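1. here is my input; please provide its structure:
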Amino acid sequence: MVLLTDRELLILKAIVQIYTDDGQPVGSKALVSKLPIHVSSATIRNEMATLEEMGLLKKTHSSSGRVPSIKGYRYYVDHLLKPDKVQSSDLRKIRSSFNQQFQEIDDIVAESADMLSQLTSYTAFTVKPELKDAKLEGFRLVPLGNHRVMAILVTDNGSVQNRTFKVPKNVNPEALESVIRIINDQLVGLTLGEVFKRLETDIPIQVGKYIETPEGFLDVFEEILKKSSTEHFFVGGRLNLLNFSKHPDPSSIRSLYSLMGRSTDLASVLGGSLDHNIQVQIGNEITNNLLKNYSLITATYDVDQHGKGVIAILGPTSMPYSRMIGLVGAFRTELAQRLIDYYHDIDDI
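-> Next comes the predicted model:
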């Protein structure tokens, strides 16, 4: 670890804060009035040169001022940063956004991505609470006429999935009712993982007693089950990328947009060994090479027994980290509470 003197710490902190505020390289004269101690411009220049030798600052071509390097941002975040207290106006916006009626949990998590992007002016990601321990709560079929039915699957964490499909003409309604009873009697209450296992063992045999070709029906059921058990990612503020991309050429923007549409890649970027703390990844620390010019702030939110989800913001390396971390911290608290309230409402029905 790099060891800095108290004066070097003050100078590095001031340069990061000034640069993230106005985006202009910081010179020694600007620092004279910003530092809490009296230091001459010449002394500041010497200290800035030392910080540059350490790799914490870098000089721009356009002026004699310095800007933080990736290493400098990392040092600032790890050792000097104190999260800002969220502004009351921002807190009101968050609570107002969540203070509406939502039909499904996905609606809440999707809304949270849009709200977080609006608050930060960056691109935001939200992931609904993990579903690996979710249990099957119910399954039913709704006749739509002309041999079409809608299959509806509900899990105990509030996820509702449906799929419309055609039933073969040789399958009578009584047989379908028997199959539904098998699913509800034997699979409801099991975790989704346990349900998948049963679908590979005895359930096809039991369903085969009522339907000649049970594979088609069970394929539909399994497809809905997989959709329910898949992590759901929501992205807000995609266009914000254009405001802070260092190299906004069409091909790089297209690649970034494509990344945001691939759940597997997003899971890799947002996942990992997240604990309850807020994580900051800067530049090449982010797993995907497309994001090497950005910073990613990621945090989990805890919804009691219903699991943990993830929120994140993607912005420039020069983002105001103190404010953003303060916002992310407050936002995840409000989102978790809104989801807890949602689950309580479901339990009361």
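2. only C-alpha atoms for contact and neighbour calcs from this point on.
-> Will do.
3. straight-line length of stretch 154-167, end to end?
-> With C-alpha to C-alpha, to the nearest Å as the measure, the ends of stretch 154-167 fall 21 Å from one another.
4. now that stretch: mean pLDDT?
-> In this model, stretch 154-167 has a mean pLDDT of 80.
5. send me whichever strand or helix holds residue 252 as PDB with only the CA atoms.
-> Using DSSP states H and E, residue 252 sits in helix 250-260. Extracted in PDB, the C-alpha atoms of helix 250-260 (Å, rounded to 0.1, in the frame of the first residue of the first chain):
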ATOM      1  CA  PRO A 250     -20.900   3.900 -32.900                       C
ATOM      2  CA  SER A 251     -19.300   0.500 -32.700                       C
ATOM      3  CA  SER A 252     -18.300   0.800 -29.000                       C
ATOM      4  CA  ILE A 253     -21.800   2.100 -28.100                       C
ATOM      5  CA  ARG A 254     -23.400  -0.800 -30.000                       C
ATOM      6  CA  SER A 255     -21.200  -3.300 -28.200                       C
ATOM      7  CA  LEU A 256     -22.200  -1.800 -24.800                       C
ATOM      8  CA  TYR A 257     -25.900  -1.800 -25.700                       C
ATOM      9  CA  SER A 258     -25.500  -5.500 -26.800                       C
ATOM     10  CA  LEU A 259     -23.900  -6.300 -23.400                       C
ATOM     11  CA  MET A 260     -26.900  -4.800 -21.600                       C
END
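6. give me the contacts around that helix.
-> Outside helix 250-260, the residues that touch it by C-alpha atoms under 8 Å, 6 or more residues apart in numbering are 235, 238, 241, 242, 265, 266, 290.
7. mind doing that once more with 6 Å?
-> Around helix 250-260, nothing counts as a contact under C-alpha atoms under 6 Å, 6 or more residues apart in numbering.
8. and the next helix or strand after it, which residues are buried?
-> Sequence order places helix 263-270 as the next helix or strand after helix 250-260, per DSSP H and E. For helix 263-270, the neighbour count (16 or more other C-alpha atoms under 10 Å) marks 266, 269, 270 as buried.
9. what's near enough to touch the second one?
-> Yep, that's residue 269 we're talking about. By C-alpha under 6 Å, 6+ apart, the contact list for residue 269 reads residue 287.
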